[in-house]
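Q: sharing a model that was predicted from the sequence below.
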Amino acid sequence: MPNNLSTLEPYLDIHPRIAAALANQQPVVALESTIISHGMPYPKNVETALLVEQTVREQGAEPATIAIINGRLTVGLDKAQIQHLGERGLEVIKTSRRDIPFIVAQQLDGATTVAATMIIAAMAGIKVFATGGIGGVHRQAEISMDISADLQELSRTSIAVVCAGVKSILDIGLTLEYLETQGVPVVGYKTKVMPAFYTQSSDFEVDYQLDSAASIAKAMQAKWDLGLSGGLVVANPIPAAHAMDPEAIEQVITSALVEMQQQGIQGKQTTPFLLAKIAQVTAGESLAANIQLVLNNARLGAAIAQELARLE
């Protein structure tokens, strides 16, 4: 558990099952909440969140879904809280680093992005986080300057983020360049190529290929033991059976980007809009793929958390 936990107590609620697991050095996997409120429609969002938690448990780790509930930084949501976020959906504030103090001060509900989930998980002492895909440098960022706060957080916060790569709606090449500049390693799990969320590969290579959860955990321990703060990306390709056709998904994304620009959508609303549009055009195929890749990441995250717990 972090040494400054007492100073965080006025703001932070850690579920007793999570606190017990951390105190006993048992494996814990953090999970985000924007996927509940902004990533999928109700009730599929609630069903998926509970299934992801179940998957983590089946793999021998404790799931800790994270959100801000009534202004409280909450590590380990219960079923009622997950249901609450799922039903409110887009009404819940999508919360990144900049938003946290305002959501807390006004005692509001906040669905945590990758960046905010990393911050709160680190406060609790959790070192592994499984999600769908990380944010990144948006296409045409040279005009919009739209770069996800997830990338900067990865350079600051010492957590391994298991994902299916960078969301394919983004500029993967520029995202990898940004991560390199920030000193954030990108590890491919059993792959040399960066996956692209809905598809298993892209035109870009990862920094290192590691083929086991144990080898990933050892690299994490070495990085942090050496005082090299910051996170790392563990890129875990979507299972082949659920991957989508790269050309088809690129056509859909290109069309959705044009429509988004025509409607003047920007900022934190871009990703929910694009994911919803892609799901609509693909008749739900992309949503099914999204669910499968999240489950796949939950399994790997649990395995890494177990190996890290053994090392510690």
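A: Yep, that arrived. What you see is a predicted model; the values in this text were computed from it and never measured.
Q: from Pro272, how far out is Glu153?
A: 19 Å (CB to CB, to the nearest Å). All C-beta spots, glycine's among them, are computed from the backbone N, C-alpha and C.
Q: these two: who's more crowded?
A: Between Glu153 and Pro272, Glu153 has the larger neighbour count (other CB atoms under 10 Å), namely 27 against 18.
Q: so that one: helix, strand or coil?
A: Following DSSP: H, G, I helix; E, B strand; the rest coil, Glu153 is assigned to helix.
Q: surely Gly188 is in a helix?
A: No: per three-state DSSP, Gly188 lies outside any helix segment and is strand.
Q: and it, what's its pLDDT?
A: Gly188 carries a pLDDT score of 98 in this model.
Q: do Gln280 as well
A: 84.
Q: how far away is it from Glu259?
A: Distance of Gln280 to Glu259, given as CB to CB: 11 Å.
Q: Ala305 now?
A: Ala305 sits 40 Å away from Glu259, going by CB to CB.
Q: looking at these two, which is more packed in?
A: Taking other CB under 10 Å, Ala305 and Glu259 do not tie; Ala305 has more neighbours (30 against 12).
Q: name all residues that make contact with Glu87.
A: Contacts for Glu87 (CB atoms under 8 Å, 6 or more residues apart in numbering) come out as Tyr42, Val46.
Q: how many neighbours does the closest residue to Ile14 other than its chain neighbours have?
A: Distances taken as CB to CB, 6 or more residues apart in numbering put Val75 closest to Ile14, at 4.6 Å, once the chain neighbours are dropped. Other residues near Val75 come to 25 when the count uses other CB under 10 Å.
Q: tell me the bridge partners for Val75.
A: Residues in a beta bridge with Val75, per DSSP bridges, are Ile14, Ile66.
Q: for it, list the residues it contacts.
A: Contacts of Val75 were listed using CB under 8 Å, 6+ apart, and they are 12-15, 18, 30, 64, 66, 120-121, 123-124, 126.
Q: and the residues you listed, which are buried?
A: Neighbour counting by 16 or more other CB atoms under 10 Å classes 12-15, 18, 30, 64, 66, 120-121, 123-124, 126 among the contacts of Val75 as buried.
Q: turn those into TSV, columns for distance to His84 and pLDDT.
A: TSV is the format used below for the buried ones among the contacts of Val75 (distance: CB to CB, whole Å; pLDDT from 0 to 100):
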residue	distance to His84	pLDDT
Leu12	19	97
Asp13	15	97
Ile14	19	98
His15	15	98
Ile18	19	98
Ala30	19	98
Ala64	17	98
Ile66	14	98
Ile120	18	98
Ala121	20	98
Met123	22	97
Ala124	21	97
Ile126	22	98
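Q: ok so, going back, got TSV for the contacts of Val75, with distance to Val114 too?
A: Shown next, in TSV, are those (distance: CB to CB, whole Å):
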residue	distance to Val114
Leu12	19
Asp13	21
Ile14	20
His15	21
Ile18	19
Ala30	10
Ala64	15
Ile66	11
Ile120	11
Ala121	10
Met123	15
Ala124	16
Ile126	14
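Q: wait, which of those is closest to Glu247?
A: Glu247 lies nearest to Ala30 out of the contacts of Val75, by CB to CB, at 34.5 Å.
Q: isn't Pro272 right up against His38?
A: Yes: contact criterion CB atoms under 8 Å: Pro272 and His38 qualify, at 4.6 Å.
Q: which neighbours do these two have in common?
A: Contact criterion CB under 8 Å, 6+ apart; residues bridging Pro272 and His38 by contacting each: Leu90, Lys94.
Q: residue closest to the middle of this protein?
A: In the chain, the C-alpha nearest the mean C-alpha coordinate belongs to Thr131, at 3.2 Å (CA atoms, centre = their mean).
Q: tell me where the model's unsure across the stretch 1-150 of the chain.
A: Across the stretch 1-150 of the chain, residues meeting the criterion (pLDDT under 70) sit at 1-5, 140-144.
Q: do a quick rundown of the helices in it.
A: Counting by DSSP state H, counting those that start in this stretch, the stretch 1-150 of the chain has helices at residues 5-8, 16-23, 34-37, 44-58, 79-88, 100-105, 114-124, 141-144, 149-156.
Q: Tyr198 is nearest to which of these?
A: From the helices of the stretch 1-150 of the chain, taking CB to CB, the stretch that ends up closest is helix 34-37, at 14.9 Å.
Q: now do the closest one: distance to the chain's middle.
A: Remark: helix 34-37 is offset 11 Å from the chain centroid, using CA atoms, centre = their mean, to the nearest Å.
Q: show me what that helix is packed against.
A: Packing partners of helix 34-37 (3 or more CB pairs under 8 Å, 6 or more residues apart in numbering; DSSP states H and E): helix 44-58, helix 79-88, strand 93-95, strand 110-112.
Q: turn the ones you listed into CSV, columns for distance to Ile169.
A: Putting the helices and strands packed on helix 34-37 into CSV (distance: least, CB to CB, whole Å) gives the following:
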stretch, distance to Ile169
helix 44-58, 19
helix 79-88, 23
strand 93-95, 16
strand 110-112, 19
